[in-house]
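> coordinates only, sequence not included:
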């Protein structure tokens, strides 16, 4: 009997695991995909090697790359960039850690309150959440991004359209700023050379500006695992959990089992309540099946797999909100071509942002050739000049929105990968019940019925549609003000990267799955601690920081409710995950 | 979730029925005999029990590659966009795309088998002779078994399904592509007409949906439209990612890329190969390395 079993070592699960292990609980952390114990010998900076959906090392599939990935059913022209493995999507995210906008919390009364999704608020106030944000910001740690050329050009565009610079962590007005990123600031030779011998730890520390965040970070060369620049959870919270006994007096190391797919959350009826009792899983390599009991189960499989596992476990769903309310920030993409060098393929992949509270945000994104071409061939507006799927909107960009192909695409790319600049439009999309995850009717795989991802391309709430258009226009205007000679809008089809809210926490039992503590309303001792637990789209900011802060709060509530413990965020100091005691313990363990 | 049914489609119902009638008439007149269609894949002919099928798949996917990376090759020339400089056909871009689809998501026993069968039957009903796709009439009637013979029970070639969908669209959009150079109707299309085929998949007409749906077990029939839209988007996106990556020039033993992939040459990417960092640090905006709330 474990104290806690956490399903999923992605962005949220390791937070709960590390925090509870630090307080002496016996925690098992299960991960469906691989653990990359030595990324420098297992990964590369090559794009296909990393991100090929069939056999890339960052894919949704088992550890053995010769085996096929896991099936999902798609209901439209969309693509879910989902991956399995310790770290989950934080293995390839850009480390962006902006705070949520205060307007999406209960009790917000600012003059722009009506612009937010008032039907799907956080069930507590922003002020209550701030200490948890601060705790995670210190733990990762989150730092102000350094600036490369693409950031300098982005800031120039913002200045030229008259935007103000933000110098606080909480966003309260339209503004631009360097990102608050979970990426260690460059030190020593980092950012100053391309010579490997000079970029070897400790001659270099933090971000080396390699430009490969999306391929997973293992820089600087030979840095200890917990000192790797990008603070994916496999570089931060997982090491903290594995070394829990080295940093907390009563700590007990997390037990991590990877390449093992959870196939069932087990439960039983106790009086009038359904109670979670444990987890069953399957080792992907051997096929062996296991079951363990636990006092508490934490589901953190991600916004697609968490509802899948819920359905496959036969857990109750009385209000039919399990899997509903999937939000994806209804992303869009604006590309500018420049006569000057932009540094597009170099540096942290996203280190500048613009916030438009009530509408969403914009961030710059640096890309390498394959993802750049992919990004320009993903659209809901067909192919420019040929067909537009009934869309192809015009605006302050050049020509209609849509894909580029043939000579038009080639001419643009031939101008140089480092003469392009990309803006990601991140819409404040209001919770839409029709966007959902359901069990696919296609035959089950070895892990049970796969997920069907059903996200509308266009049927969104009117405020969401207006927000996206507003943001796309602003993005194009800033791009042009930055000096772009041509500006393209892609009108992306849904690219599911910022997925969340499919098992949402809420104020009302009518339209939520979790209560204000993060516990399932209809299954006691079952908590959810990944992006799917978020109540809404945060107003637009990237979800990882909010998920990790909410996971911290959920861990605290769980500790108080079922283990007779006390809160800690209000009493203790966080352990920074670069702590030398963690470094030393990982070295002892050979991890 | 069908949320685009209000939009116009590339081919309306009248067009569809007209072209079906055209095919049937041609087939009846014997003008589409097997001898007219001669695959002309110039190099590296596939081998194996379904080599002819693979040859059409490869030819079709080469026709897709050059949509997003035209070069000095025959497929780009036929498409109408030849281009100087290193191309992707010469370095195996089509073969790489085949590998991507054939190993994609273990979709075989879930999706590819019934849909491939449905497309095969639809082509047969349209009077398009089976050898068009490299299949004998017997194989055409037994496509399910034929595919199952070559591939495992877990993974069937999604590339065949993609090929069938693209070529089905090609003969609808441009009937004249039943004959001509190269080895598949899709590869014979102009770039513009290739895009119209993708439009047909992204915004499928009811007749095309019915072809897909009837290949699926009854509970799945509503998934046909979703699959077509997904496939319509996937073809270009995945091709763009694939042929602009390092493809198979990556050496897993040394974990390095050997040579210069065409896209690296085109875009001026990493002139000295992959490196562990760049001298790209400018500093901090307004010198601010830290922010705090008041």
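Perfect, I can see it now. As the structure is a prediction and not an experimental result, all values here were calculated from the model.

> correct me if wrong: residue A:294 contacts residue A:2.
Yes. The criterion here is CB atoms under 8 Å, and residue A:294 meets it with residue A:2 at 4.2 Å. (C-beta placed from N, C-alpha, C; glycine too.)

> between the two, what contacts are shared?
Taking CB atoms under 8 Å, 6 or more residues apart in numbering or on different chains as the contact rule, residue A:294 and residue A:2 both touch A:28, A:278.

> the two: which has the busier surroundings?
Counting neighbours by other CB atoms under 10 Å in any protein chain shown for residue A:294 and for residue A:2 shows that residue A:294 has the greater number, 22 against 18.

> ok so the more buried one is a strand residue?
Yes. Counting by DSSP: H, G, I helix; E, B strand; the rest coil, one finds residue A:294 located in a strand.

> contact partners for it?
Contacts of residue A:294 (CB under 8 Å, 6+ apart): A:1, A:2, A:3, A:4, A:5, A:28, A:276, A:277, A:278, A:279.

> just the buried ones from those residues?
With neighbours counted using 16 or more other CB atoms under 10 Å in any protein chain shown, the contacts of residue A:294 contain these buried positions: A:2, A:3, A:4, A:5, A:28, A:276, A:277, A:278, A:279.

> which of these fall in strands?
A:2, A:3, A:4, A:5, A:28, A:276, A:277, A:278, A:279 (DSSP state E).

> if we can go back for a sec, for the buried ones among the contacts of residue A:294, which one is nearest residue B:231?
Distance to residue B:231, by CB to CB, is smallest for residue A:279 among the buried ones among the contacts of residue A:294, at 35.8 Å.

> do I have it right that that closest one meets residue A:5?
Yes. Residue A:279 is within contact range of residue A:5, at 4.8 Å (criterion: CB under 8 Å).

> which neighbours do those two share?
A:30, A:292, A:294, A:297.

> want to throw the residues you listed into CSV with pLDDT?
Below are these laid out as CSV (pLDDT from 0 to 100):
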residue, pLDDT
A:30, 98
A:292, 98
A:294, 98
A:297, 98
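
> as CSV, those with distance to residue A:561 would be great.
Listed next are the shared contacts of residue A:279 and residue A:5 as CSV, based on distance: CB to CB, whole Å:
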residue, distance to residue A:561
A:30, 22
A:292, 21
A:294, 15
A:297, 14
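
> just to revisit the earlier point, mind putting the ones in strands among the buried ones among the contacts of residue A:294 into CSV with distance to residue A:147?
Output for those, formatted as CSV (distance: CB to CB, whole Å):
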residue, distance to residue A:147
A:2, 46
A:3, 45
A:4, 41
A:5, 43
A:28, 42
A:276, 47
A:277, 52
A:278, 49
A:279, 45
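
> between these, which is nearest chain B?
residue A:279 (24.2 Å; CB to the nearest CB).

> the closest one: what's it in contact with?
Counted by CB under 8 Å, 6+ apart, residue A:279 has contacts A:5, A:7, A:30, A:262, A:264, A:265, A:266, A:291, A:292, A:294, A:297.

> cool, residue A:152 as well?
Residues near residue A:152 by CB under 8 Å, 6+ apart: B:282, B:285.

> how about it, secondary structure?
Going by three-state DSSP, the state assigned to residue A:152 is helix.

> what does the stretch 151-300 of chain A have sitting close to chain B?
Within the stretch 151-300 of chain A, the positions adjacent to chain B are A:151-152, A:155, A:165-170, A:177-178, A:180, A:185-186, A:189-194, A:196, A:199, A:204, A:208-211, A:219-221 by CB under 8 Å from any CB of the partner chain.

> the same query, at a cut-off of 6 Å, please.
Residues of the stretch 151-300 of chain A lying close to chain B by CB under 6 Å from any CB of the partner chain are A:152, A:155, A:167-170, A:178, A:186, A:191-194, A:196, A:199, A:208-210, A:221.

> are any of these buried, and if so which?
Judged by 16+ other CB under 10 Å, buried ones among these: A:152, A:155, A:169-170, A:178, A:186, A:191-194, A:199, A:208-210, A:221.

> between those residues, which sits nearest residue A:549?
residue A:169 (12.1 Å).

> which residues touch residue B:291?
Residues counted as contacts of residue B:291 (CB atoms under 6 Å, 6 or more residues apart in numbering or on different chains) are A:144, A:167, A:168, A:169.

> again, only this time at 10 Å
Residues near residue B:291 by CB atoms under 10 Å, 6 or more residues apart in numbering or on different chains: A:143, A:144, A:166, A:167, A:168, A:169, A:170, A:177, A:178, A:180.

> and what of residue A:151?
Residue A:151 touches A:145, A:178-179, A:343, A:347-348, A:350-353, A:364, A:366, B:280, B:282, B:284-285, counting by CB under 10 Å, 6+ apart.

> looking at chain B, which residue is nearest chain A?
residue B:281 (2.8 Å).

> ok, back up a step: please narrow the residues of the stretch 151-300 of chain A next to chain B to those residing in strands.
Checking these against DSSP E, those in strands are residue A:178.

> ok, which stretches of the stretch 51-200 of chain B are helices?
Ranges of helices within the stretch 51-200 of chain B are B:51-68, B:74-79, B:93-102, B:113-125, B:137-141, B:143-150, B:158-173, B:191-202, based on DSSP state H, counting those that start in this stretch.

> mean pLDDT lowest where, among these?
Among those, helix B:143-150 carries the lowest mean pLDDT, at a mean of 45.

> which of the buried ones among the residues of the stretch 151-300 of chain A next to chain B fall within helices?
A:152, A:155 (DSSP state H).

> quick one on the thing from earlier: same list (the ones in strands among the buried ones among the contacts of residue A:294) but as TSV, adding pLDDT.
What follows is those, written out as TSV (pLDDT from 0 to 100):
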residue	pLDDT
A:2	98
A:3	98
A:4	98
A:5	99
A:28	98
A:276	98
A:277	98
A:278	98
A:279	98
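
> give me the beta-bridge partners of residue A:178?
residue A:352 (DSSP bridges).

> how near is it to residue A:353?
Computed as CB to CB, to the nearest Å, the residue A:178 to residue A:353 distance reads 8 Å.

> before we move on, what about residue A:50?
Note on residue A:50: its distance to residue A:353, by CB to CB, is 24 Å.

> and for residue A:464?
Residue A:464 sits 20 Å away from residue A:353, going by CB to CB.

> residue A:466 now?
In terms of CB to CB, residue A:466 sits 21 Å off from residue A:353.

> so those two - more neighbours on which side?
Taking other CB under 10 Å, residue A:466 and residue A:353 do not tie; residue A:353 has more neighbours (29 against 14).

> pull the contacting residues for that one.
Neighbours of residue A:353 in contact, by CB under 10 Å, 6+ apart: A:96, A:98, A:145, A:151, A:154, A:158, A:166, A:171, A:175-181, A:361-364, A:423-424, A:426, A:541-542.

> go again with 7 Å.
Applying CB atoms under 7 Å, 6 or more residues apart in numbering or on different chains to residue A:353 gives the contacts A:98, A:176, A:177, A:179, A:361, A:362, A:363.

> and the fifth one, that's in a strand?
This points to residue A:361. Yes. Under three-state DSSP, residue A:361 sits within a strand.

> list the contacts for it?
Counted by CB under 7 Å, 6+ apart, residue A:361 has contacts A:353, A:354, A:355, A:426, A:540, A:541.

> on the pLDDT front, check it for me.
98.

> now it: how far from chain B?
16 Å (CB to the nearest CB, to the nearest Å).

> so that residue bridges to which residues?
Here residue A:361, judged by DSSP bridges, has bridge partners residue A:355, residue A:426.

> burial measure for residue B:85, as a count.
Residue B:85 has 12 nearby residues by other CB under 10 Å.

> contacts only, for it.
So residue B:85 contacts B:71, B:266 (CB under 7 Å, 6+ apart).

> can you rerun that using 10 Å?
By CB under 10 Å, 6+ apart, the contact set of residue B:85 is A:410, A:414, B:70, B:71, B:72, B:262, B:265, B:266.
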